[in-house]
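Visitor: here's my sequence, what's the structure:
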Amino acid sequence: MWLLLITLAAAAEPTETRLPPVSTLRVPTPPPGTSLQLAVKLHDSARGRATPDGGLVAQGDTTELAALAASEGLTFRQAVPDAPWVEDLRARALARTGEPAVDLAGLLWVDGPTEREALRAIGQQLQGLPLVENVWVEVHGVEPPGARDLAPPTDSYSALQTWQDPFPGLGHRLAHDLGFTGAGLRLSDVEYAFRADHEDLPFVRVEPDQTPTDPWGPDHGTATIGQVSAPANDYGMTGAAPGAEVAFYTEYSDEEGPRRSEAVTRACAESVPGDVVMLEMQAFGAVSYAPAEYDLSVWLATEVCTAAGITVVAAAGNGSDDLDGGPYVFYAARGDSGAIIVGAGTAGSDGTTNAEAYSTYGSRVDVQSWGSNVVTTAYGDLALPGGDIRQAYTAAFAGTSSATPMVAATALLLQQVAFERSGAPLDPRALRALLTTTGVPQHPDSAGLTPIGPQPDIGAALAAVETDADGDGAVAWLEDCDDLDPTRSPSRPEIVGNRIDDDCDGIVDEGAMPLGSALAGSAGEPELSITQVGDRLQLELSSALADASVLLVAGLTRADRPMFGGTVVPTPSVIRPLGTTDGAGQLLTAIRLPPSSAPGDTLYMQLWVEDPAAIEGLAATEGWRIVVDE
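Guide: Okay, here's the model as predicted:
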């Protein structure tokens with residue numbers, strides 16, 4: 001019996017362990033110059049991958065999918081590569097949250113007929129196949145939302161960058177005065193292109209093996225990078241976070257064409273907690289322009305990214321769309337990706353802010369910043385010394401495009417503060433909460449019609465991190481991971497299973513949590529308790545058959561595989577005898593954690609007990625998830 005269990009469990013194919021997001025098959029009428037792309041996400045358990053010749057391999061029965069592909073002339077491409085760096089990002093998200101991360105390499109582009117009605121018909125057929133999790137259509141090619149001094153010499157225009165001053169600006173210079181410039185962190189800009197040879201941009205690490213393609217020209221990317229990262233020199237501009245490193249990932253390359261979800265994933269995979277990924281892009285949404293994460297492929301990549309502790313700052317889009325309206329019900333139903341979504345606003349004379357008429361809005365838009373008359377690099381309307389485009393400067397950058405870099409720079413500055421004062425970055429959601437609770441509010445009249453959240457106030461945020469707003473004895477946002485919630489602080493015990501970092505140690509749900517799926521035997525369901533003591537796990541089994549053999553099944557992921565009338569919860573990587581119960585049906589033992597285990601790592605464990613009274617002669621405890629503590 002043990003041999004049979006070991007053989008079948010070891011060969012068990014993992015099943016779905018996460019709740020897929022809500023999606024709908026909508027085929028829009030694309031704007032001029034854009035194209036429609038059919039996309040499919042197979043269930044994680046299928047491990048679907050495109051082959052070099054446009055075919056598809058997957059675990060499970062692919063007969064119907066292959067027949068459809070043959071009849072409609074469909075081929076498949078990877079939207080995100082099946083590469084080690086993708087799996088590493090997923091593993092980091094799992095280790096940090098304890099929740100399974102989506103199989104991003106299971107995102108596939110489907111090529112074939114391009115007419116709208118043909119795409120709709122094929123999509124509907126795909127939706128009915130058992131291997132398919134989601135089908136949708138994206139619009140590709142959407143327009144973006146909005147270091148030496150070359151001869152002749154360029155004047156300094158830093159004084160014109162009033163958006164870095166305190167209100168009506170955001171107050172970046174207050175952080176500069178305290179020595180915070182974003183040093184030690186990295187900004188990853190994801191968009192079409194930028195001008196690498198502009199005189200007032202720093203060294204930018206460009207993703208290798210990708211040549212940016214930009215039908216809109218490189219000025220947009222040059223302007224956004226300049227807002228954040230123009231060096232602090234005596235000419236041109238000064239970025240709001242000039243100490244941060246800069247990397248660039250193109251969403252459209254000569255080699256691959258549209259690659260937005262891959263670029264976002266790659267930027268996140270090459271970032272660490274505290275870094276900022278900036279999405280200077282928009283999607284063609286249900287009505288007009290919406291956040292890039294309206295496209296499910298970007299939403300999934302963003303969700304994994306923020307779960308891995310990386311801050312994503314994204315433009316809301318310049319579509320005047322209401323994200324709370326009926327056409328966006330499926331987008332809203334997906335939930336929160338964890339990104340900071342930025343609208344475009346204006347500062348009022350009454351100490352409040354208002355939304356720009358073109359800004360996409362709704363409760364999902366977290367914060368706002370300047371959406372007009374922004375001084376930065378590129379274009380040349382402010383200055384163009386010698387007619388050299390490499391020396392171009394503008395006083396008219398606008399849109400959610402100009403608003404987003406201001407917030408990205410704010411995030412970098414505050415993460416540097418967090419690192420230097422607490423030794424660790426803020427969780428992306430905690431950083432977002434800090435910005436929204438300390439920001440300059442939107443005027444009530446404007447917020448009632450077109451809500452886009454407050455404008456960040458760096459001075460107020462810096463003050464907040466020195467206070468104890470919730471009175472729990474922990475200093476603000478750096479020591480206290482949520483200074484608006486007195487139940488979360490370093491002095492609080494971790495409550496396993498609530499998916500919250502209660503004790504503010506950066507690890508969610510460390511400890512052991514039962515997952516269910518026990519299988520009853522002669523004494524009912526065997527009961528297991530697990531406690532970590534140093535580098536060992538103490539296991540206490542009770543309510544089992546007396547004098548019965550016990551088998552340990554453990555692994556790094558969760559399978560929930562039906563077997564022997566019950567469920568094998570772990571995906572087995574360790575299966576071994578653990579001992580024999582005593583006369584009372586109990587077993588107390590300890591096992592050592594794997595030598596490579598680190599705080600935050602996740603293990604899955606279950607005990608199986610020989611018991612003739614159980615279905616097929618085997619009883620089982622609940623499965624357990626263990627998040628390794630320090």
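Visitor: which parts of the protein are helices?
Guide: Here the chain has its helices, by DSSP state H, at 2-10, 63-72, 84-97, 116-127, 172-177, 219-229, 260-269, 296-307, 329-333, 400-422, 428-438, 444-449, 458-464, 476-479.
Visitor: and the average pLDDT for the shortest one is what?
Guide: Helix 476-479 shows an average pLDDT of 61 in the prediction.
Visitor: just to revisit the earlier point, mind putting the helices of the chain into TSV with distance to Thr589?
Guide: (C-beta placed from N, C-alpha, C; glycine too.) What follows is the helices of the chain, written out as TSV (distance: least, CB to CB, whole Å):
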stretch	distance to Thr589
helix 2-10	18
helix 63-72	47
helix 84-97	26
helix 116-127	49
helix 172-177	54
helix 219-229	55
helix 260-269	39
helix 296-307	34
helix 329-333	46
helix 400-422	39
helix 428-438	39
helix 444-449	59
helix 458-464	48
helix 476-479	38
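Visitor: most tightly surrounded among those?
Guide: Mean neighbour count, computed with mean count of other CB atoms under 10 Å, is highest for helix 219-229 among the helices of the chain, reaching a mean of 29.
Visitor: burial measure for the residue nearest to Gly345 when sequence neighbours are not counted, as a count.
Guide: Using CB to CB, 6 or more residues apart in numbering and skipping the chain neighbours, the partner closest in space to Gly345 is Gln368 (3.6 Å). When counting by other CB atoms under 10 Å, one arrives at 34 neighbours for Gln368.
Visitor: now do the contacts for Gln368.
Guide: Listed by CB atoms under 8 Å, 6 or more residues apart in numbering, the contact set of Gln368 reads 342-345, 353, 355, 359, 403, 442, 452-455.
Visitor: just to revisit the earlier point, for Ile530, which of the helices of the chain is the nearest?
Guide: Among the helices of the chain, helix 84-97 comes nearest to Ile530, with 18.2 Å by CB to CB.
Visitor: how big is the angle separating the closest one from helix 296-307?
Guide: For helix 84-97 against helix 296-307, the angle by axes from the mean of the first three to the mean of the last three CA atoms, to 10 degrees is 50 degrees.
Visitor: can I get the buried part of the contacts of Gln368 as one PyMOL selection?
Guide: Those of the contacts of Gln368 that count as buried under 16 or more other CB atoms under 10 Å are selected in PyMOL with:
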select buried, resi 342+343+344+345+353+355+359+403+442+452+453+454+455
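Visitor: quick one: which of the contacts of Gln368 is nearest Arg92?
Guide: Val342 (25.0 Å).
Visitor: thought Val313 was touching that closest one, still the case?
Guide: Yes. Val342 lies in contact with Val313 (CB atoms under 8 Å); the separation is 6.4 Å.
Visitor: by mean pLDDT, show me the worst of the helices of the chain.
Guide: Minimum mean pLDDT among the helices of the chain: helix 2-10, a mean of 41.
Visitor: tell me the contacts of the nearest residue to Arg260 once chain neighbours are set aside?
Guide: Distance criterion CB to CB, 6+ apart; nearest residue to Arg260, sequence neighbours excluded, is Glu251 at 4.3 Å. For Glu251, the contacting residues are 190-192, 258-260, 263, 281, by CB under 8 Å, 6+ apart.
Visitor: try it again at 7 Å.
Guide: 190-192, 259-260, 263, 281 (CB atoms under 7 Å, 6 or more residues apart in numbering).
Visitor: try Gly221
Guide: Gly221 touches 189, 191-194, 280, counting by CB under 7 Å, 6+ apart.
Visitor: same list, those residues, but as TSV with pLDDT and neighbour count please.
Guide: Below are the contacts of Gly221 laid out as TSV (pLDDT from 0 to 100; neighbours: other CB atoms under 10 Å):
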residue	pLDDT	neighbour count
Asp189	98	25
Glu191	97	28
Tyr192	96	23
Ala193	96	24
Phe194	96	28
Glu280	98	29
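Visitor: going by distance to Trp608, which of those wins?
Guide: For the contacts of Gly221, the nearest to Trp608 is Asp189 (51.3 Å; CB to CB).
Visitor: how about the contacts made by the closest one?
Guide: So Asp189 contacts 221, 224-225, 246, 248, 278, 280 (CB under 7 Å, 6+ apart).
Visitor: before we move on, what about Leu65?
Guide: 56, 129, 131.
Visitor: ends of stretch 128-135, what's the gap?
Guide: 10 Å (CA to CA, to the nearest Å).
Visitor: same check, this time on stretch 112-120
Guide: Stretch 112-120: ends 12 Å apart by CA to CA.
Visitor: quick one on the thing from earlier: for the residue nearest to Arg260, phi and psi?
Guide: Main-chain torsions, Glu251, degrees, to the nearest 10: phi -90, psi 0.
Visitor: burial measure for Asp254, as a count.
Guide: 10.
Visitor: with adjacent residues omitted, what lies nearest to it?
Guide: Nearest to Asp254 is Thr211, by CB to CB, 6+ apart, at 4.2 Å.
Visitor: report pLDDT for the one you found.
Guide: 94.
Visitor: kindly report the same for Tyr604.
Guide: 90.
Visitor: number of residues surrounding it?
Guide: 24.
Visitor: give me every residue that touches it.
Guide: 554-555, 557-558, 569-570, 623, 625.
Visitor: of these, keep whichever come out buried.
Guide: 554-555, 557-558, 569-570, 623, 625.
Visitor: how about those in CSV, adding distance to Gly459?
Guide: Below are these laid out as CSV (distance: CB to CB, whole Å):
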residue, distance to Gly459
Ala554, 51
Gly555, 49
Thr557, 45
Arg558, 46
Val569, 50
Pro570, 50
Gly623, 49
Arg625, 42
